[in-house]
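Novice: what's the 3D shape of this:
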Amino acid sequence: MGTGGRRPQPGLPKWWSGSPDLNERPWFDERFDSSLACSTMMRAWILPMFYLLCGSAVATGSILEGSIGTAAALLLVFLALAGLHSPLIFPRSTGVREAQRRSAADGRPVVFWRPGCAYCMRLRIRLGRGARRLHWVNIWRDPEGAAVVRAVNDGNETVPTVFVAGLPHTNPDPAWVREQLAPRRG
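Specialist: Predicted coordinates for the structure are as follows:
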């Protein structure tokens with residue numbers, strides 16, 4: 001399944017639709033600062049760390065009141081919430097260019113997501129083990145990915161945005177995405 005004859009979607013970078021020159025990206029600043037990558041990674045962990053701190057405080061209060069069992073249960077609940085809101089539940093993210101290259105080769109959808117997004121989490125959980133078959137791009141770690149999402153969502157970073165056969169679908173139904181993973185007959 002090649003992308004050679006596909007025309008670029010309006011607003012998308014030319015290279016997204018299979019342009020032979022993947023380096024033609026005038027909107028991307030090659031002087032990307034590593035401090036930006038560090039700050040976006042820190043942002044991804046703010047909510048999980050908040051859950052851990054709150055859980056620790058609540059558990060400490062329960063221990064001081066003499067209720068060790070309640071403290072352990074509450075700490076486990078807050079630990080589970082922290083895990084669900086962390087980037088750890090998502091398959092390993094790739095850069096947008098690598099995801100596009102892989103999608104062109106195997107025909108699998110590309111999902112743009114960000115940590116802490118309830119809709120992304122819903123998609124990930126409802127896809128189950130099938131989520132590993134998709135190509136995931138974390139827009140907080142990849143400025144090119146964020147630019148692609150903004151280009152197809154009227155300047156907004158609305159996620160999840162799923163590209164299937166080069167066409168964007170914003171916040172699609174997880175059952176529909178699962179159908180796109182089914183092997184094609186014919």
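Novice: Where do the strands of this protein begin and end?
Specialist: 110-113, 135-138, 161-164, 167-170 (DSSP state E).
Novice: just the ones you listed: most buried one?
Specialist: Among the strands of the chain, the stretch with the highest mean neighbour count (mean count of other Cβ atoms under 10 Å) is strand 110-113, at a mean of 27. All C-beta atoms are positioned from the backbone trio N, CA, C, and that covers glycine.
Novice: Please report how far residue 170 lies from residue 123.
Specialist: Plainly put, residue 170 is 12 Å away from residue 123 if you go by Cβ to Cβ, to the nearest Å.
Novice: Overlap of the contact sets of those two?
Specialist: residue 160 (Cβ atoms under 8 Å, 6 or more residues apart in numbering).
Novice: on that earlier part again, right, and the strands of the chain - which one's nearest residue 154?
Specialist: strand 167-170 (9.9 Å; Cβ to Cβ).
Novice: Sketch out the low-pLDDT regions of this structure for me.
Specialist: Applying pLDDT under 70 to the chain picks out residues 1-44, 85, 87-90, 183-186.
Novice: what bridges to the residue sitting nearest the centre point of it?
Specialist: Geometric centre of the chain, nearest residue: residue 113, 2.4 Å, by Cα atoms, centre = their mean. Under DSSP bridges, the beta-bridge partners of residue 113 are residue 138.
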